[in-house]
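# turn this into a model:
(chains A and B)
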Amino acid sequence: MLKTFKKGGVHPAENKLSAHAPIVTAELPKVAIIPMGQHIGAPASPLVQKGDEVKVGQLIAQSSGFVSANIHASVSGKVLKIDNAMDASGFSRQAVHITVDGDEWIDIIDRSPEIVKEIKATPEEIIKKVQEAGIVGLGGATFPSHIKLSVPPGKKAEVLLINGVECEPYLTADHRLMLEKGEEVLIGTKLLMMALGVTKAYVGIENNKPDAIGHLRDIAAAYDGIDIVPLKVKYPQGGEKQLIKAVINREVPSGALPIDVGAVVHNVGTAFAVYEAVQKNKPLFERVVTVTGKSVKNPSNFLVRIGTPTSQLIEAAGGVPEDTGKIVSGGPMMGKALKSLDVPIAKGSSGVLLFQDAEAGRRPVEPCIRCGKCVSVCPMGLEPYLLMTYSDKKMWEEAEHERTMDCIECGSCMYTCPADRPLLDYIRLGKSTVGNIIRTRKQ
Amino acid sequence: MSITVIYTILSLSALGVAAAIILYFVAQKFKVIEDPRIDEVEGMLPGANCGGCGFPGCRGFAEAMVKADDISNLNCPVSDATGMTAIATYLGHTANITEPQVAVVRCNGTCEFRPKVNHYDGAGSCAISAALYSGDTGCSYGCLGEGDCVAVCKFDAMYMDPVTGLPVIIEENCVACGACVKACPKDIIELRNVGKKSRRIFVSCVNKDKGGVAKKSCEVACIGCSKCFNVCPFEAITMANNLAYIDYNKCKLCRKCVEVCPTNAIHEINFPPRKPANVADITGGAKAEEKNA
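Predicted structure coming up:
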C-alpha cells in the first residue's frame, strides 16, 4: 500500500491540465516590477537608485534581518523607479521597477548547458551561496532556505525530505521540473544533504506523476542515499508536517519544527535553485510558473523572470477567456485571488489559475449543521467549526487553547463544508490575533 | 408523640445552632468591606456597560472612580456634564468636564466616487477583508463596507447606507464610546468634539497615497494639495503623508478650507445653507449634511 499521512485530508479533482506541456521560456517583460517583499520576514532593502544600470543576476536588494532574503535583478536595463506596486499579497508594497534593455548577464554566471555534477563546495560554502543567491522555499511558503539549512545547536538533522508532491490541483510546475531537470534536482538534493550533514534523503512524489517517479528513480540509482518515495494522492500532502508523517512516519508535535524530529523539508524547485546557485553561480531570479484553467487555450508551464507581469503570461497562454470569474496566484486550494493583472510574478508564485465564472464565486453561507466533516478532514486534528466560532466571538484564549496556531491554512475544512461556511477566513483572523497576543505576552 | 420524634427535633436543632455559631464567626473572619459609595456611583452611571471609559462595565468604572484620588483622567462618555458633575460632587472632587464628542466617518468613497475594481466574496467582516488584501476598490485606505463598526455599536447609532456602501452615524444616539473606532481596521472613524451648535468640519478621507494615485482611485480623496493648510487662518490644519488633518480644538468653523478644497474632501456638518451664489462650491458639504441630518 502506498504511503500517506494518517489524519484527515481531501482529494479534490486533480485537473493537471498542463502536465504534458514542456517548460517554455517566457518572453522578457518591457518593465520588470521586482517586489522587495517576496519572502516571509522583513522585506529586503534596495541597493539601487533610480537611473542605475543593472545586469541580470546583480544584487539589487539586500536581506534586512535574520529572516529575510537577497533579491537580484531578473532583467538587464535601467532602474525606472523605486515605488510601491500591487503584488500578489493583495497590498501595495515597495518594488524596484526596471526598464528592460537587452539581456546582459553578470559574468560569473555559468550559462553553458552542461550539467555540473562534481561538487567542490564545502557545507559552509553551500549555505553561504544559498543565502547570497536569495533562495527561499519555492513551494509557496517562501521561507528563506539558508535558515532551514543552518541547524540550531543542540538539534541534529537526520534526514532530508524533498517535496515533489505538488498536491495542489492544476499546478504542474514541480512535475515538469522533475521531468526536465531531474538530474539537476538530484544534484541539488545532494548539495542540500551535504549542507545538512545527512546521509539519507527521500524525494516524496504523489502517485499521479508516474513518469516523474520513474524518471527520477532511473537517475537516483547513481546517487547514494537518495530514495524516491511514491505517495498516495491526498491533499495537503505537500505540507511539511504531512510529508514527514507520510514518508518517515514521524509526527511533529504541536508548536515544534520539523528539525525537532530530525527532518528538514525542501521543495524540488528549491533543490533546483540550490543546484543553480552553487554549481552555476546563478542567483534566484527566475522560476517555473504554471498558467492554467479549464477555459485557458494553452495551459502551459513557463520559465519566468521574477517581475514579469501576470498579464503577459496569460497572454502567452492564449489570453483571458471570456468566462473567467477569478484569477488566482498559486493553486486553487491555498492560492490567493489577484487584485490586478499587473501583479508581477515573484519567488513564491507557483501558478496562475484562471477560474471560470461558474466555479469561482462562493456560494451563500448557511448555518453550521454540525456534521463534523471539517473535523474529519483537518490534517492537523483541529476542530475548524469551533475555531471559527471562537474567532467570530472574539474568544481568543479559548482559540489558543484549541491550538488555532497549529492550523496550516490548507483550506480542507472550507473545501469540504456542505454549508459553505468561511471557516478558514475566520481561523486566519484568529491566528493573526492570537499570534499577536502570544508575541505581546513574550515581551 | 413518640420519643424518637423528640430526639430528632432536638438533635437537628442542636446541629442548626452549632452551624449558625460557626457561620457567624466565619462570616466575621472573611467579611469583605466594600465601599458603599461604589453602589451609589454605579447607580448614577448610565448602566450602558459599553466599555467606552476603558473599564469592564459601569461597575468597574464606579470602583475606579471611588478608589482614585485624582479623577481628572476618568470620564464616562455616555454621561453628560450634569451626570459627571453629580458623581464628582458626591465623591468630593471637582468634575473634569470634557467636551462631548461624536464619531465621524472619515471616508466619502461611495460607489459613485470610488468605483469597485474587483468583487470581494469572502467572509462578511472588515477585519478579515483587511487582513486579506487592500480592498475591492483602488483605494487601499478607505471603507471596506462590511460593517464591523455597525456590528459593535450598542446604541443603534450606526447603520450601513445601502446606496453609498458607507456607515452612517446617527448623531443623537452616538455616545462616543469609541467601540466603532476600535473595530475599524482602517482607522477611518474618529471621535471629534461635537462643537458649537453641533457644527463640525473635518477631512473626510484618510488616503495617504500621492495626490494623483489617490485621485485616480477616488474622486473625493484628499490629494494633499495643501490649499486648506494655506488658507486656514487659525493654524488648525496639519499636512502629513499627503493628507490634511483638521485639529478640532483649533478649528473656529470659518469654512474657508471647505471652499478651497478641489476634491470636496472637507465636509461641513450642520451648517445652515450658504448664500445661493456659492452653492456650486459646496456640493461635498451639502451631501454630508443630507447624510447626517
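# count of neighbours near residue 240?
No chain specified, so I'll use chain A. As a burial measure, the neighbour count of residue A:240 was computed by other Cβ atoms under 10 Å in any protein chain shown and equals 24. Heads up, the C-betas are built off the backbone N, CA and C, glycines and all.
# chain B, not that one
Residue B:240, neighbours per other Cβ under 10 Å, totals 9.
# got it, and residue A:436?
Should you count by other Cβ under 10 Å, residue A:436 turns out to have 11 residues around it.
# what about residue B:248, which helix or strand?
Assigned by DSSP states H and E, residue B:248 belongs to neither a helix nor a strand.
# swap that for residue A:227, sorry
Element membership for residue A:227, per DSSP H and E: strand A:226-231.
# again with residue A:189
Element membership for residue A:189 (DSSP H and E) is helix A:182-196.
# roughly how far is that helix from the heart of the chain?
18 Å (Cα atoms, centre = their mean, to the nearest Å).
# check stretch B:32-42 too.
The mean C-alpha position of stretch B:32-42 is separated from the chain mean by 28 Å, Cα atoms, centre = their mean.
# buried ones in it?
Neighbour-count burial for stretch B:32-42, with 16 or more other Cβ atoms under 10 Å in any protein chain shown as criterion, is recorded at B:37, B:38, B:41, B:42.
# give me the residues contacting that stretch.
Judged by Cβ atoms under 8 Å, 6 or more residues apart in numbering or on different chains, the contacts made with stretch B:32-42 from elsewhere in the structure are B:58, B:59, B:62, B:63, B:65, B:66, B:87, B:90, B:91.
# helices of the chain, start to end?
Since you didn't name a chain, this refers to chain A. Along chain A, the stretches classed as helices by DSSP state H are A:123-132, A:145-149, A:173-180, A:182-196, A:210-220, A:240-248, A:268-280, A:310-316, A:357-360, A:373-377, A:384-392, A:396-401, A:412-416, A:423-442.
# not quite, I wanted chain B
Secondary structure of chain B, counting by DSSP H: helices at B:3-29, B:36-44, B:57-67, B:81-90, B:126-132, B:148-152, B:179-183, B:211-217, B:227-231, B:256-260, B:283-292.
# looking at those, which is nearest to residue B:241?
Closest of the helices of chain B to residue B:241 is helix B:211-217, at 10.8 Å (criterion: Cβ to Cβ).
# the closest one near chain A at all?
No. For helix B:211-217, no contact with chain A is found by Cβ under 8 Å from any Cβ of the partner chain; the gap never falls below 8.7 Å.
# CA atoms of that helix as CSV?
Once non-C-alpha atoms are left out, helix B:211-217 reads as follows in CSV (Å, rounded to 0.1, in the frame of the first residue of the first chain):
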residue,chain,number,x,y,z
GLY,B,211,-2.3,63.1,-5.0
GLY,B,212,-2.5,61.5,-8.5
VAL,B,213,-2.8,58.0,-7.2
ALA,B,214,-5.5,59.0,-4.6
LYS,B,215,-7.5,60.9,-7.1
LYS,B,216,-7.4,58.1,-9.6
SER,B,217,-8.9,55.6,-7.2
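# kindly report the domain assignment for the chain.
Just going to use chain A. Under the assignment automatic domain parsing, the domains of chain A span A:123-280, A:373-442.
# you answered for a different chain; I wanted chain B.
B:37-91, B:101-269.
# please identify the most buried of those.
domain B:101-269 (a mean of 19; mean count of other Cβ atoms under 10 Å in any protein chain shown).
# endpoint to endpoint, that one covers what distance?
14 Å (Cα to Cα, to the nearest Å).
# burial count for the residue in the stretch 251-400 of chain A that chain B sits nearest to?
Each residue of the stretch 251-400 of chain A has a distance to chain B, by Cβ to the nearest Cβ, and the smallest belongs to residue A:362, at 4.5 Å. The tally of other residues near residue A:362 (other Cβ under 10 Å) stands at 14.
# same check on residue A:49?
Applying other Cβ under 10 Å, we find 10 residues neighbouring residue A:49.
# same question for residue B:26.
Other residues within reach of residue B:26 by the criterion other Cβ under 10 Å amount to 10.
# ok, it to chain A distance?
Taking Cβ to the nearest Cβ, to the nearest Å as the criterion, residue B:26 is separated from chain A by 34 Å.
# give the contact list for that residue.
If you count contacts by Cβ under 8 Å, 6+ apart, residue B:26 has none.
# near chain A, which residues of the stretch 101-250 of chain B?
Contact residues, the stretch 101-250 of chain B versus chain A (Cβ under 8 Å from any Cβ): B:117-118, B:121-123, B:125, B:127-128, B:131-134, B:140.
# try it again at 7 Å.
Taking Cβ under 7 Å from any Cβ of the partner chain as the criterion, the stretch 101-250 of chain B approaches chain A at residues B:118, B:121, B:122, B:123, B:127, B:128, B:131, B:132, B:133, B:134, B:140.
# the closest residue to residue B:216 other than its chain neighbours and residue B:206, how far apart?
Excluding the flanking residues, the one nearest residue B:216 by Cβ to Cβ, 6 or more residues apart in numbering or on different chains is residue B:138, at 6.5 Å. Relative to residue B:206, residue B:138 is positioned 15 Å away (Cβ to Cβ, to the nearest Å).
# cool, and residue A:14?
Applying Cβ to Cβ, the value for residue A:14 to residue B:206 is 45 Å.
# just the strands in the stretch 151-293 of chain B please.
Taking DSSP state E, counting those that start in this stretch as the criterion, the stretch 151-293 of chain B carries its strands at B:158-160, B:167-169, B:189-193, B:200-203, B:237-240, B:243-246, B:266-269.
# now find how far off-centre the longest one is within its chain.
Its chain's C-alpha centre and that of strand B:189-193 lie 7 Å apart, by Cα atoms, centre = their mean.
# got it, and the second one?
How far strand B:167-169 lies from its chain's middle: 12 Å, per Cα atoms, centre = their mean.
# direction included, what does it pair up with?
Strands flanking strand B:167-169 in the sheet, each with its direction: strand B:158-160 (antiparallel) (DSSP bridges).
# state the mean pLDDT of the partner strand.
Along strand B:158-160, the predicted confidence averages to a pLDDT of 95.
# need the contact partners of it.
With Cβ atoms under 7 Å, 6 or more residues apart in numbering or on different chains as the test, strand B:158-160 has contacts from B:147, B:149, B:150, B:167, B:168, B:169, B:170, B:180.
# tell me which residue in the stretch 101-250 of chain B sits closest to chain A.
Closest point on the stretch 101-250 of chain B to chain A, by Cβ to the nearest Cβ, is residue B:133, at 2.6 Å.
# the closest residue to that residue other than its chain neighbours: neighbour count?
Counting by Cβ to Cβ, 6+ apart, the nearest residue to residue B:133 once its immediate chain neighbours are dropped is residue A:90, at 2.6 Å. A count of nearby residues for residue A:90, using other Cβ under 10 Å, gives 22.
# quick check, residue A:90 in contact with residue B:132.
Yes. Counting by Cβ atoms under 7 Å, a contact exists between residue A:90 and residue B:132, whose distance comes to 6.1 Å.
# strands along the stretch 51-200 of chain A, start to end?
Assigned by DSSP E, counting those that start in this stretch, the strands in the stretch 51-200 of chain A fall at A:53-54, A:59-62, A:71-72, A:77-86, A:92-100, A:159-164.
# now for residue A:110: which residues touch it?
Under the criterion of Cβ under 7 Å, 6+ apart, the contact partners of residue A:110 comprise A:280, A:281.
# still on that earlier bit, pick the most deeply packed of the helices of chain A.
Note that of the helices of chain A, helix A:268-280 is the most buried (mean count of other Cβ under 10 Å), with a mean of 26.
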